[in-house]
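1. Here is my input; please provide its structure:
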Amino acid sequence: MPLRKRNLEGIQPAESPVTRVVPVPGGIRLAQGDVVLSELRLLPGPTHSVFDVLACLVHRLAPPGEVAVLGFGAGGILAPMRALGCDRPLQAVDVDATGHRLFQQWCPAWAEDVAWRQADATTWLRGQRRRFACVLEDLSEPRDGDVHKPVDCRRTLPRLIGRRLGRGGVAVFNLVPDADGSWPGMAEVLRLFPCVLEVRYAEYLNRTLVAGTRLPGSGSVGRWLQADLRRMGSQLEGRTRVGTPLGTGTVR
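-> Numbers count the residues shown, from 1 in each chain. Take a look at the predicted model:
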């Protein structure tokens, strides 16, 4: 769920965000109000948005094994993953089937590698007995005329995600701020996981956390991230910064 910084300046959110399918070069975009929910590219390559970074983090930091995607949308992570040569199987869940229907229609070859289920992410994760190499949390919901993180992202899901990670597994949390400028879930992630790194964006308000029991240093992850973004031809190359989270304060 990429949220551009400039979208917050002088723009009033719609009273009731409607999911729209917008054609873009090389694919389609799933948008709700002023927020991009997912980017579907028809061939391996970059989306030129936050999904490129999510793909790089999964590719570089997750050990071998299955990846769980909470909030699949239209499968925006698939094209950048394939551009990096990453073809690991995904277990995906989303409460809305709109994006997945588009994904199946336009990318049938990739759909074979995705086991998708329409369900509430918390309920689905509670019912899992397997352990995952990576859990990617990219959930959103319409609220008060805008798009926000669901309430379970504050405490419930970080705990469940931690329990469902296998040995050496990593969790990736794609965060956007709440209406009061706070970051839902950040405090719980920092409390639960021994190692947490944060990616910030020049153009996007998102903050992406990667968490686990052990992680490489921020300098190494930052270099790998830039190399992978350059390799896939993403416009985000040089437009991200990796560091240690400074805390749970409001948007700056």
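
2. contacts, neighbours, all on C-alpha from now
-> OK.

3. State the pLDDT value of the closest residue to residue 164 other than its chain neighbours.
-> Of all residues not flanking residue 164 in the chain, residue 131 sits nearest, at 4.9 Å (Cα to Cα, 6 or more residues apart in numbering). What the model reports for residue 131 is a pLDDT of 96.

4. neighbouring contacts of the helix or strand hosting residue 135?
-> Of the helices and strands defined by DSSP states H and E, residue 135 is found in strand 132-137. By Cα atoms under 8 Å, 6 or more residues apart in numbering, the residues outside strand 132-137 that reach it are 58, 62-71, 161, 164-174.

5. Can you show me the strands along the stretch 51-200 of the chain?
-> Assigned by DSSP state E, counting those that start in this stretch, the strands in the stretch 51-200 of the chain fall at 67-70, 90-94, 114-118, 132-137, 141-143, 146-148, 165-175, 195-201.

6. Make TSV out of the ones you listed and add distance to residue 241.
-> Compiled in TSV, the strands of the stretch 51-200 of the chain are given as follows (distance: least, Cα to Cα, whole Å):
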stretch	distance to residue 241
strand 67-70	23
strand 90-94	27
strand 114-118	30
strand 132-137	19
strand 141-143	27
strand 146-148	23
strand 165-175	15
strand 195-201	5
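
7. any chance of the ones you listed in a markdown table, plus mean neighbour count?
-> As requested, the strands of the stretch 51-200 of the chain are arranged in a markdown table below (neighbours: other Cα atoms under 10 Å):
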| stretch | mean neighbour count |
| --- | --- |
| strand 67-70 | 25 |
| strand 90-94 | 22 |
| strand 114-118 | 17 |
| strand 132-137 | 26 |
| strand 141-143 | 15 |
| strand 146-148 | 21 |
| strand 165-175 | 22 |
| strand 195-201 | 21 |
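
8. Ok, which of these comes nearest residue 101?
-> When the strands of the stretch 51-200 of the chain are compared for distance to residue 101 using Cα to Cα, the nearest one is strand 114-118, at 10.6 Å.

9. what does the closest one rub up against?
-> Surrounding strand 114-118, the residues in contact under the criterion Cα under 8 Å, 6+ apart are 89-97, 100.

10. ok so, going back, of the strands of the stretch 51-200 of the chain, which approaches residue 157 most closely?
-> With respect to residue 157, and counting by Cα to Cα, the nearest of the strands of the stretch 51-200 of the chain is strand 132-137 at 8.5 Å.

11. end-to-end on stretch 182-202?
-> Taking Cα to Cα, to the nearest Å as the measure, stretch 182-202 stretches 19 Å from start to finish.

12. nope, stretch 20-28 is what I was after
-> Stretch 20-28 end-to-end distance (Cα to Cα) = 10 Å.

13. Report the buried residues of it.
-> Counting neighbours by 16 or more other Cα atoms under 10 Å, one finds that the buried residues in stretch 20-28 are 21, 28.

14. just how off-centre is that stretch within its chain?
-> Mean C-alpha position of stretch 20-28 versus that of the full chain (Cα atoms, centre = their mean, to the nearest Å) differs by 19 Å.

15. average pLDDT for that stretch?
-> Per-residue pLDDT over stretch 20-28 has a mean of 86.

16. And for that stretch, what's in contact with it?
-> Under the contact criterion Cα under 8 Å, 6+ apart, stretch 20-28 has outside partners 29-32, 39-43.

17. What about the closest residue to residue 84 other than its chain neighbours, how many residues nearby?
-> Take residue 84 and drop its neighbours on the chain: the residue closest to it by Cα to Cα, 6+ apart is residue 232, 6.7 Å away. Neighbour count of residue 232, defined by other Cα atoms under 10 Å: 22.
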